[in-house]
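Asks: What would the 3D arrangement of this be:
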Amino acid sequence: MSTRARGHRTSAPTTARRTGLALALAATVTASGLLTAAPASADPGRTAAQARADAAAAASAAQAAVVAVARAQEELARSTSAVGVAVGASVRAQVEADRSAAAARRERAAATARVRAIYMDGALGSGAVGARRGLALLTSAVSGGDPAVAERAFSSVRRGDRALVAQREAGAAAAGRQAQEAQSGASAAVASLGDVAVRVGRAEEALGVARARVEALAGEAAQLQAAEDAAAALAAAQAAAAALEVAVSGRAAGVHARGVPADYADLYVRAAATCAGMRPALLAAVGQVESGHGVSTGPSAAGAVGPMQFMPATFAAYGVDGDGDGDVEAGDPADAVFSAAGYLCANGAGGGREAEAAAVFRYNHADWYVQLVQRVADELAAQGFGG
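Replies: Below you'll find the predicted structure:
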């Protein structure tokens, strides 16, 4: 995905990239001194004035966090709307493509039937015109009339058939291209929704740091109104972030399994076989959510690349040569899928439902992501994917 910042992209969660909302929150708490590890009371020479100053800084940072969360909520609303529009357009385009393809098939069948009728019973078509032409052919064949009459009549019908069939097939091809473009747009919109959800997760981490610091201030100077205001502001920011997470999870619940391209299906099945107990559907679900099976391969704003969206540092640790060509590249589908299988397997993905969930959480530190991937995997498995 083009702007995703996943928890699994780095070797440790504490060094994961902060983008968008999370970056803004980290900047505000850092500027106000809220990232100091030791509590205020660790300094025996600390004065009430210093405690008040720190409390005021915490309140300011908390208020900035509230504003940042509100902006993220607006972005989520836009992303949610875009997903709805894109998915609706994709469905409509696919229906039209199917309708056009069916019309082309019917036209080809009708043309074939008319040719067969000429030879079987002399009928060139339905209605009086077809009957008259068929009669002309029969008369020519039986009475020894000019065969050119029959040939011209037959050629005229065939030219008309070919033109109509070509028109139907051209329409079907155009509708198919539009459906493919609409599906790509839907995949990109879903990817954007995931990006917003990731930023919410990073925002919650920053808010957690700020809340811990405010709690320490409250313990040291519980009587200071500034500290109380800061705690209230942080509680409001935390509630807003929680509401945003619920909204993201609810929208993600509307994403379901899609068809898996044959080349990726083969890779998922073969890569899953390298890990005892791993479901091929799990790899396919990760591939759909991360890039739409190679539709959106990045790089993201943080540098994640390839069909399975790896950060270079993580891929350097887990990357394998999936196709045996001597190169190991995150952008190569085979290398990416086999590397993802190795990463998930190393974190227990073949050990049953709970272990699988834990491994997926390591891939992306978000509960909504785990639920989405496992649900899509279950749907694919129910459809018979991977045997």
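Asks: any idea where the helices of the stretch 251-387 of the chain begin and end?
Replies: For the stretch 251-387 of the chain, the helices defined by DSSP state H, counting those that start in this stretch cover 262-272, 280-291, 312-318, 333-346, 353-363, 367-382.
Asks: Comparing those helices, which comes out most buried?
Replies: Of all these, helix 280-291 has the most neighbours on average by mean count of other CB atoms under 10 Å, namely a mean of 27. All C-beta spots, glycine's among them, are computed from the backbone N, C-alpha and C.
Asks: Of the helices of the stretch 251-387 of the chain, which is nearest Gln63?
Replies: Taking CB to CB, helix 367-382 is the member of the helices of the stretch 251-387 of the chain nearest to Gln63, at 27.0 Å.
Asks: other SSEs contacting the closest one?
Replies: Where contact means 3 or more CB pairs under 8 Å, 6 or more residues apart in numbering; DSSP states H and E, helix 367-382 is packed against helix 147-220, helix 225-252, helix 280-291, helix 353-363.
Asks: quick one on the thing from earlier: could I get the helices of the stretch 251-387 of the chain as JSON lines with distance to Gly303 and mean pLDDT?
Replies: Below are the helices of the stretch 251-387 of the chain laid out as JSON lines (distance: least, CB to CB, whole Å; pLDDT from 0 to 100):
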{"stretch": "helix 262-272", "distance to Gly303": "23", "mean pLDDT": "97"}
{"stretch": "helix 280-291", "distance to Gly303": "15", "mean pLDDT": "96"}
{"stretch": "helix 312-318", "distance to Gly303": "7", "mean pLDDT": "95"}
{"stretch": "helix 333-346", "distance to Gly303": "15", "mean pLDDT": "97"}
{"stretch": "helix 353-363", "distance to Gly303": "17", "mean pLDDT": "96"}
{"stretch": "helix 367-382", "distance to Gly303": "19", "mean pLDDT": "96"}
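Asks: Ala285 reaches Ala381, doesn't it?
Replies: No: applying CB atoms under 8 Å, one finds Ala285 not in contact with Ala381, separated by 9.2 Å.
Asks: so which of the helices and strands packed on helix 367-382 is the most packed in?
Replies: helix 280-291 (a mean of 27).
Asks: how much distance is there from it to the middle of the chain?
Replies: Chain-centre distance of helix 280-291: 9 Å, with CA atoms, centre = their mean, to the nearest Å.
Asks: Just put the helices and strands packed on helix 367-382 in TSV and tack on distance to Ala272.
Replies: TSV is the format used below for those (distance: least, CB to CB, whole Å):
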stretch	distance to Ala272
helix 147-220	22
helix 225-252	23
helix 280-291	4
helix 353-363	12
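Asks: weakest of these by average pLDDT?
Replies: Lowest mean pLDDT within these: helix 225-252, a mean of 67.
Asks: List the contacts of Val370.
Replies: 357, 360-361, 364 (CB atoms under 8 Å, 6 or more residues apart in numbering).
Asks: which one of the residues you listed is nearest Arg92?
Replies: Closest to Arg92, out of all of the contacts of Val370 and judged by CB to CB, is Asn364, at 31.1 Å.
Asks: before we move on, the earlier item: Gly331 is nearest to which of the helices and strands packed on helix 367-382?
Replies: When those are compared by CB to CB, helix 280-291 sits nearest Gly331, at 10.7 Å.
Asks: Check which helices and strands the closest one sits against.
Replies: For helix 280-291, the packing partners by 3+ CB pairs under 8 Å, 6+ apart come out as helix 147-220, helix 262-272, helix 333-346, helix 353-363, helix 367-382.
Asks: Neighbours of Val320, how many?
Replies: 18 (other CB atoms under 10 Å).
Asks: again, but for Ala276
Replies: Using other CB under 10 Å, Ala276 has 9 other residues around it.
Asks: Now do the contacts for it.
Replies: Counting by CB under 8 Å, 6+ apart, Ala276 touches Gly350.
Asks: ok, it to Ala179 distance?
Replies: As for Ala276, its distance to Ala179 is 39 Å (criterion: CB to CB, to the nearest Å).
Asks: quick revisit: minimum distance to Leu267: which of the helices and strands packed on helix 367-382 has it?
Replies: Across the helices and strands packed on helix 367-382, Leu267 has its closest neighbour in helix 280-291 (8.1 Å, CB to CB).
Asks: Just want the angle from the closest one to helix 367-382.
Replies: In terms of direction (axes from the mean of the first three to the mean of the last three CA atoms, to 10 degrees), helix 280-291 departs from helix 367-382 by 130 degrees.
Asks: Could you check how many residues crowd around Ala110?
Replies: Counted with other CB under 10 Å, residues neighbouring Ala110 total 14.
Asks: so which helix or strand takes in it?
Replies: Here Ala110 is covered by helix 48-121, with elements defined by DSSP states H and E.
Asks: Which other helices and strands does that helix contact?
Replies: Secondary-structure packing of helix 48-121 (3+ CB pairs under 8 Å, 6+ apart): helix 20-31, helix 127-143, helix 147-220, helix 225-252.
Asks: rewinding a little: export the helices of the stretch 251-387 of the chain to CSV and append columns for distance to Ser79.
Replies: CSV is the format used below for these (distance: least, CB to CB, whole Å):
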stretch, distance to Ser79
helix 262-272, 25
helix 280-291, 15
helix 312-318, 26
helix 333-346, 25
helix 353-363, 21
helix 367-382, 14
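Asks: Appreciated, that's everything.
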